[in-house]
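**Q** Show me the folded form of this:
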Amino acid sequence: MVTFFDDLAGAVYDVFKFVFRCFCYVVAGMLIVGVPLYLVAFVFSMFH
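**A** Coordinates of the predicted model:
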């Protein structure tokens, strides 16, 4: 019975680790794409 709970806790831990890693990748992608795109738009708006 103890091994069942140990396996269940390990599975829940793996799921939360996967979700957190996916969230971090999405945030990093938004920063990598969004910040330079915002700066380019800001520079072009200065010339308008």
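**Q** show me where the protein has helices.
**A** Listed in chain order, the helices of the chain (DSSP state H) span residues 2-46.
**Q** Pull up the gap between residue 43 and residue 35, please.
**A** Using C-beta to C-beta, to the nearest Å, one obtains 13 Å as the distance from residue 43 to residue 35. All C-beta spots, glycine's among them, are computed from the backbone N, C-alpha and C.
**Q** Please apply the same query to residue 9.
**A** With the distance defined as C-beta to C-beta, residue 9 ends up 38 Å from residue 35.
**Q** Then residue 45?
**A** Between residue 45 and residue 35 the distance, using C-beta to C-beta, works out to 16 Å.
**Q** cool, residue 17 as well?
**A** Noted for residue 17: a distance of 27 Å to residue 35, by C-beta to C-beta.
**Q** Could you do residue 8 as well?
**A** From residue 8 to residue 35 the distance is 41 Å (C-beta to C-beta).
**Q** Ok, residue 44 next?
**A** Distance, residue 44 to residue 35, using C-beta to C-beta: 15 Å.
**Q** now residue 11
**A** Using C-beta to C-beta, one obtains 36 Å as the distance from residue 11 to residue 35.
**Q** try residue 27
**A** Distance, residue 27 to residue 35, using C-beta to C-beta: 12 Å.
**Q** now residue 6
**A** When distances are taken as C-beta to C-beta, residue 6 and residue 35 turn out to be 43 Å apart.
**Q** cool, and residue 23?
**A** In this structure, residue 23 lies at 18 Å from residue 35, with C-beta to C-beta as the measure.
**Q** And for residue 29?
**A** Residue 29 is 11 Å from residue 35, where distance means C-beta to C-beta.
**Q** ok, now residue 10?
**A** From residue 10 to residue 35 the distance is 37 Å (C-beta to C-beta).
**Q** same question, residue 7
**A** If you measure residue 7 against residue 35 using C-beta to C-beta, the figure is 42 Å.
**Q** Residue 13 - how many residues pack around it?
**A** Using other C-beta atoms under 10 Å as the criterion, residue 13 is surrounded by 10 other residues.
**Q** Can you give me the distance of it to residue 38?
**A** From residue 13 across to residue 38, the span is 36 Å (C-beta to C-beta).
**Q** No further queries at this time; thank you.
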